[in-house]
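Colleague: sequence and predicted structure, then a few things I'm wondering about:
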Amino acid sequence: MIYLLSGEGRQAMRTVASRPVLYAFDFDGTLAKISRERAGVKLSPSIHEWLRELAARASCAIVSGRALSDLTPRVNGAVPYLVGNHGLESPLTPAVALSLAEYVCLGWMKQVVTDLAQPLKVAGIEVENKRFTLTFHYHGTDESAGVQAALAFLLNRLTPAPQLICGKASVNALPPGSTRKGEAAHSLMIHLRRDGLFYVGDDDTDEDVFGLTEGLVMGVRVGQQAESRAQYYLKHQSEMEDVIRFLVHRIDRTPESYARGR
């Protein structure tokens, strides 16, 4: 993987900034600091300001695992395009697909209450109902891989069988056939008539975007990971502001020394 803020990484961003691309970002752990207190996660004032600046110059989107009803107030108008529930809630999603997903999740929640409530409680797992998908959170364990595998085994008892996406201390259950992050981001790129996709994410859920075989011109993972399909990486979430600021000034063709000092 190539460090995005290295000389090579900056040159790649200069090239991207010269093209009409869609700039898309994950939310938790990427634009906003990740936290176990999910309700308190929000954009910093400076990230919000620079996102607005980028969105005034180029097509921008946020693609999150959060439900849109949860994500929208946290973004507070910084970018015009929001995709929630791991790609399922998109401006392009047909209403019938959302209705079907809601029906499936209602059925799953009944099964959770009647069949899975006790084992989930014993394991200290919290169920988050996001209307169209479910997320099962676990914390406080040094055996996260084992907990994740056991939870996935348990969730495969749900009917209909869900698509499972493992995240940080969580397993996400999506209705079968649901649009995921990669497809949603690519479809939005085409809809907006952009000729490429620049994407930054921090989680295994974002590997769906990094694995796109068409459209992705630059994939960036927050945190270096050898197994990632992203070509570039950032060392810390705190570097996101530098990246967005750099892109704004490259699109404006203002001096890079000014971009770093503003």
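Modeller: Sure thing, it's come through.

Colleague: the lengthiest strand in the chain: partners in the sheet, and parallel or antiparallel?
Modeller: If you go by DSSP state E, the chain has its longest strand at strand 216-222. If you go by DSSP bridges, strand 216-222 pairs up with strand 197-201 (parallel), strand 232-234 (parallel).

Colleague: avg pLDDT for the shortest one?
Modeller: Spelled out, that is strand 232-234. Strand 232-234 shows a mean pLDDT of 98.

Colleague: centre of the chain to that strand, how far?
Modeller: 15 Å (Cα atoms, centre = their mean, to the nearest Å).

Colleague: list of residues touching stretch 215-223?
Modeller: Contacting residues not belonging to stretch 215-223 are listed as 1, 4, 12-13, 16, 19, 21, 29-30, 186, 189-190, 196-202, 206, 209-210, 212, 228-237, 239-240, 243 [Cβ atoms under 8 Å, 6 or more residues apart in numbering]. Glycine gets a C-beta too; all of them are placed from N, C-alpha and C.

Colleague: pull the CA atoms of it into CSV?
Modeller: In CSV, the C-alpha atoms belonging to stretch 215-223 read as follows (Å, rounded to 0.1, in the frame of the first residue of the first chain):
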residue,chain,number,x,y,z
GLY,A,215,-14.9,2.9,-11.9
LEU,A,216,-12.7,3.1,-8.9
VAL,A,217,-9.7,5.3,-9.7
MET,A,218,-8.4,5.6,-6.1
GLY,A,219,-9.2,3.6,-3.0
VAL,A,220,-7.8,4.7,0.3
ARG,A,221,-8.0,2.8,3.6
VAL,A,222,-7.6,4.6,7.0
GLY,A,223,-5.1,2.3,8.7
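
Colleague: I'd like the average pLDDT over that stretch.
Modeller: Stretch 215-223 comes out at a mean pLDDT of 97.

Colleague: what do you get for stretch 155-166?
Modeller: Stretch 155-166 comes out at a mean pLDDT of 92.

Colleague: measure it end to end?
Modeller: Length of stretch 155-166, first residue to last, Cα to Cα, to the nearest Å: 12 Å.

Colleague: mind listing what's buried along that stretch?
Modeller: By 16 or more other Cβ atoms under 10 Å, the buried positions in stretch 155-166 come out as Leu155, Leu158, Pro162, Leu164, Ile165, Cys166.

Colleague: longest helix in this protein, by residue count?
Modeller: For the chain, the longest helix by residue count, based on DSSP state H, is helix 95-111.

Colleague: list the contacts of the following helix or strand past that helix.
Modeller: Remark: after helix 95-111, the chain's next helix or strand is helix 117-122, criterion DSSP states H and E. Residues outside helix 117-122 that contact it (Cβ under 8 Å, 6+ apart) are Val112, Val127, Phe136, Leu154.
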